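# next one to model:
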Amino acid sequence: MRSFDPNLTRGHGFHIQRSLLPPGAIAAALALLVLGGVGPNTDLAFVSIVVLIAGCLLLWRPGEPPILLFIFMLPWLQGAIASFHANWLGMSVDDFAQFPADTRTAILLTQAGLLTHAVGLRVGAGPWRRHDVNLMREQALALPMRRWGQGYVLAWGVSFAALTFAWFVPGLSQILLALPTLKWAFYFMLAYAAFCGAPGGKHIFAAAFLVELAFGIGAFFSDFKTVIFVTTFAAVASGRRMTAKRLVSIGALTMLVLALAIVWTAVKGDYRRIVSEGQAAQIVSLDYTARIGQLGGLVVELDASAFSGAFDKLLRRITYVELFGATIDYVPNYVPHQRGAILWDAVSRPFMPRLFFPDKAIIEDSVRTNEFTGMKVSGAEQGTSISLGWVAEAYIDFGRYGMFLSILAIATLCGAIYRGFMRWQPTRGLLGAALATAILQGAGFLETSITKLFGSMIVSLLMAWLLVKLVLPRVTPWLLTTSIRRLRW
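Next up is the predicted model:
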């Protein structure tokens with residue numbers, strides 16, 4: 001028996017060095033400027049690039065899961081891509097919009113809001129500490145790979161059971177649906193240990209990845225992206241050196257994600273009609289084998305024209321500023337600012353479970369969108385839901401200036417959740433990083449309503465606390481930091 005030796009990790013290609021920016025950030029910014037920086041919206045493109053670099057400087061934390069950077073960069077992409085796409089096409093963003101909207105103002109307010117968001121995340125998370133990085137790596141290699149696999153299998157089983165019961169006990173659905181979210185914490189720890197070089201990790205991790213990818217592709221929303229995102233978080237956190245082989249692998253994975261996204265964009269309408277058997281609801285009426293067969297048939301029928309059209313549609317789908325632009329035109333000209341009503345509903349709703357408050361209003365994103373844009377977008381009757389997004393809702397509540405205080409407060413809370421799990425004694429290190437990643441990943445989409453975002457985050461936070469305090473000590477005590485520290489190689 002001997003104490004853990006940090007030198008043991010050197011042979012696995014680790015290289016944690018404090019750097020100001022994530023690898024490739026400058027190259028990506030320059031590529032965006034070359035491809036779409038010059039045109040009718042050059043000023044918007046420049047502002048977006050400045051916000052991107054500033055956000056990366058604030059949120060890049062080498063050796064830690066890049067979840068804070070992710071929940072800044074993905075909304076940034078959704079708020080900025082219209083400027084570059086419109087420049088590429090040689091038109092202004094207002095002409096580029098699919099309906100009348102003050103898109104230019106929406107982009108500027110979104111970028112300012114995202115910069116505020118990045119500041120809040122950084123304030124809440126606190127400074128980067130090398131000790132946290134070393135502790136995560138030590139913990140990953142202190143347990144045999146089968147332990148991480150066992151934890152993931154247990155979490156997968158609980159997630160499956162929770163999804164099943166949520167259909168039969170709708171009053172508890174909000175709580176039950178938090179458990180599948182926490183499953184990703186166990187997947188992250190498994191993937192991180194594998195990337196750190198734990199013996200036997202490659203095969204166990206590969207099996208878990210393929211299972212999650214397969215089940216994600218067959219779902220109503222075809223949620224294959226989550227497993228790829230969380231895998232990327234683990235790979236980045238592991239700090240593996242970038243060799244030529246790994247760069248090729250990253251490039252291949254990027255192309256796979258893009259190809260899957262384009263194909264899904266092309267077939268999702270027909271696929272959803274088939275699996276719901278024509279019902280105007282987000283339900284699945286076919287078994288998994290039948291769904292995959294139907295999906296495969298739709299993919300085979302795609303041609304080059306459909307693929308090209310789907311790519312343009314995907315870019316427009318990623319863009320999420322046009323509804324905000326319509327909101328700016330409508331509020332307060334026709335509907336007054338709500339003075340915090342939306343935020344208060346979001347904050348109070350998680351503490352009113354439907355089991356005890358059966359009359360609690362149902363969240364209908366499309367209803368809110370119609371109310372504050374004057375438009376008539378499709379809603380629940382058509383089996384869809386179209387939200388304004390949390391930046392637009394902050395504007396509706398507090399106007400062009402007060403919205404930033406609301407964004408700053410929510411972002412600081414998100415950063416504090418990250419720091420809390422990373423430094424809470426039972427979860428310090430890897431478990432805390434994994435739980436924070438699982439809880440916060442839902443905040444990475446600009447279109448998410450603050451009502452759903454805050455509600456899911458608070459419920460997941462409560463379930464994570466119960467998990468650490470009541471479940472893990474009895475079921476998997478070896479996952480807790482206090483237990484891992486007693487282990488020796």
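# from here on, just use CA atoms for contacts and neighbour counts.
Fine.
# which residues does the residue lying closest to residue 350 once chain neighbours are set aside contact?
What sits nearest to residue 350 in space, not counting adjacent residues and going by Cα to Cα, 6 or more residues apart in numbering, is residue 455, at 5.0 Å. Shown in contact with residue 455 (Cα atoms under 8 Å, 6 or more residues apart in numbering): 346, 347, 349, 350.
# send me whichever strand or helix holds the second one as PDB with only the CA atoms.
Under the criterion DSSP states H and E, the helix or strand holding residue 347 is helix 341-348. Taking Å, rounded to 0.1, in the frame of the first residue of the first chain, the C-alpha atoms of helix 341-348 are listed here in PDB:
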ATOM      1  CA  ALA A 341     -43.600  39.300 -12.800                       C
ATOM      2  CA  ILE A 342     -41.900  36.700 -15.100                       C
ATOM      3  CA  LEU A 343     -38.900  36.400 -12.800                       C
ATOM      4  CA  TRP A 344     -41.100  36.100  -9.700                       C
ATOM      5  CA  ASP A 345     -43.100  33.300 -11.300                       C
ATOM      6  CA  ALA A 346     -39.900  31.500 -12.100                       C
ATOM      7  CA  VAL A 347     -38.500  31.900  -8.600                       C
ATOM      8  CA  SER A 348     -41.700  30.800  -6.800                       C
END
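# report the mean confidence score over the next helix or strand after it.
Next helix or strand after helix 341-348 toward the C-terminus (DSSP H and E): helix 365-373. Per-residue pLDDT over helix 365-373 has a mean of 92.
# which helices and strands does helix 365-373 pack with?
In this structure, helix 365-373 makes packing contacts with helix 322-330, judged by 3 or more Cα pairs under 8 Å, 6 or more residues apart in numbering; DSSP states H and E.
# where's the helix it packs on relative to the chain centroid, distance-wise?
The chain centroid and the centroid of helix 322-330 are separated by 24 Å under Cα atoms, centre = their mean, to the nearest Å.
# report the angle between it and helix 365-373.
Relative orientation of helix 322-330 with respect to helix 365-373: 40 degrees, computed using axes from the mean of the first three to the mean of the last three Cα atoms, to 10 degrees.
# which of the residues in helix 322-330 are buried?
For helix 322-330, burial by neighbour count (16 or more other Cα atoms under 10 Å) applies to 322, 323, 324, 325, 326, 327, 328, 329, 330.
# now stretch 393-410
Neighbour-count burial for stretch 393-410 flags 393-399, 403-408, 410 (criterion: 16+ other Cα under 10 Å).
# just the CA trace of it, in CSV.
These are the backbone C-alpha positions of stretch 393-410, laid out as CSV (Å, rounded to 0.1, in the frame of the first residue of the first chain):
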residue,chain,number,x,y,z
GLU,A,393,-37.9,37.7,-20.8
ALA,A,394,-35.4,39.8,-18.8
TYR,A,395,-36.1,42.7,-21.2
ILE,A,396,-39.9,42.2,-20.8
ASP,A,397,-39.6,42.3,-17.1
PHE,A,398,-37.2,45.2,-16.6
GLY,A,399,-36.6,47.0,-19.9
ARG,A,400,-33.3,47.8,-21.7
TYR,A,401,-31.3,48.7,-18.6
GLY,A,402,-32.9,46.9,-15.7
MET,A,403,-32.6,43.6,-17.6
PHE,A,404,-28.9,43.4,-17.0
LEU,A,405,-29.3,43.3,-13.2
SER,A,406,-31.7,40.4,-13.6
ILE,A,407,-29.2,38.6,-15.8
LEU,A,408,-26.3,39.3,-13.5
ALA,A,409,-28.2,37.9,-10.5
ILE,A,410,-29.2,34.6,-12.2
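# now stretch 198-207: mean pLDDT?
Stretch 198-207 carries an average pLDDT of 89.
# may I see the buried residues of that stretch?
198, 201, 202, 204, 205.
# contact partners of it?
Looking at what lies outside stretch 198-207 - Cα under 8 Å, 6+ apart - the contacts are 140, 141, 144, 145, 149, 190, 191, 193, 194, 195.
# pull the number of nearby residues for the fourth one.
Translated: residue 145. Burial of residue 145 is recorded as 21 neighbouring residues (other Cα atoms under 10 Å).
# out of the buried residues of stretch 198-207, which comes closest to residue 428?
For the buried residues of stretch 198-207, the residue nearest residue 428 by Cα to Cα is residue 198; the value is 20.0 Å.
# let me know the secondary structure of that closest one.
Under DSSP: H, G, I helix; E, B strand; the rest coil, residue 198 falls in the coil class.
# ok, now the one 5 residues further on?
Here residue 203 takes the helix state, with states given by three-state DSSP.
# hmm, residue 433 is touching residue 63, no?
No: with contact defined as Cα atoms under 8 Å, residue 433 and residue 63 do not form a contacting pair (10.8 Å).
# and the contacts of stretch 198-207 as CSV, adding pLDDT?
Compiled in CSV, the contacts of stretch 198-207 are given as follows (pLDDT from 0 to 100):
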residue, pLDDT
140, 92
141, 91
144, 90
145, 92
149, 94
190, 96
191, 96
193, 95
194, 94
195, 92
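# can you say which of the residues you listed are buried?
140, 141, 145, 149, 190, 191, 193, 194, 195.
# the last one contacts residue 236, correct?
No: the pair residue 195 and residue 236 does not pass the contact test of Cα under 8 Å, sitting 9.2 Å apart.
# which regions of the chain sit below the pLDDT cut-off?
Along the chain, the model assigns pLDDT under 70 to residues 1-17, 166-174, 218-222, 242-247, 250, 275-288, 353-360, 379-383, 482-489.
# okay, the buried ones among the contacts of stretch 198-207 in TSV with secondary structure next?
Formatted as TSV, these follow (three-state DSSP):
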residue	secondary structure
140	helix
141	helix
145	helix
149	helix
190	helix
191	helix
193	helix
194	helix
195	helix
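# over to residue 299. Which of the three states is it?
Under three-state DSSP, residue 299 falls in the helix class.
# right, and it touches residue 270 too?
No: contact between residue 299 and residue 270 fails when scored by Cα under 8 Å: they sit 10.7 Å apart.
# which strands and helices sit next to the biggest helix by length in the chain?
Secondary structure of the chain per DSSP state H: the longest helix is helix 390-423. Helices and strands touching helix 390-423, as assessed by 3+ Cα pairs under 8 Å, 6+ apart, comprise helix 103-125, helix 322-330, helix 341-348, helix 430-440.
# got the angle between it and helix 322-330?
For helix 390-423 against helix 322-330, the angle by the same axes, to 10 degrees is 130 degrees.
# just how off-centre is helix 390-423 within its chain?
Worked out by Cα atoms, centre = their mean, helix 390-423 lies 16 Å from the chain centre.
# quick check: angle from that helix to helix 103-125?
Helix 390-423 runs at 20 degrees relative to helix 103-125, counting by the same axes, to 10 degrees.
# tell me the angle helix 390-423 makes with helix 430-440.
Counting by the same axes, to 10 degrees, helix 390-423 points 170 degrees away from the direction of helix 430-440.
# now do helix 390-423 and helix 341-348, the angle between them.
Interaxial angle, helix 390-423 versus helix 341-348 (the same axes, to 10 degrees): 30 degrees.
# helices along the stretch 101-250 of the chain, start to end?
Per DSSP state H, counting those that start in this stretch, the stretch 101-250 of the chain carries helices over the ranges 103-125, 130-142, 145-168, 173-176, 178-195, 201-217, 225-238, 244-275.
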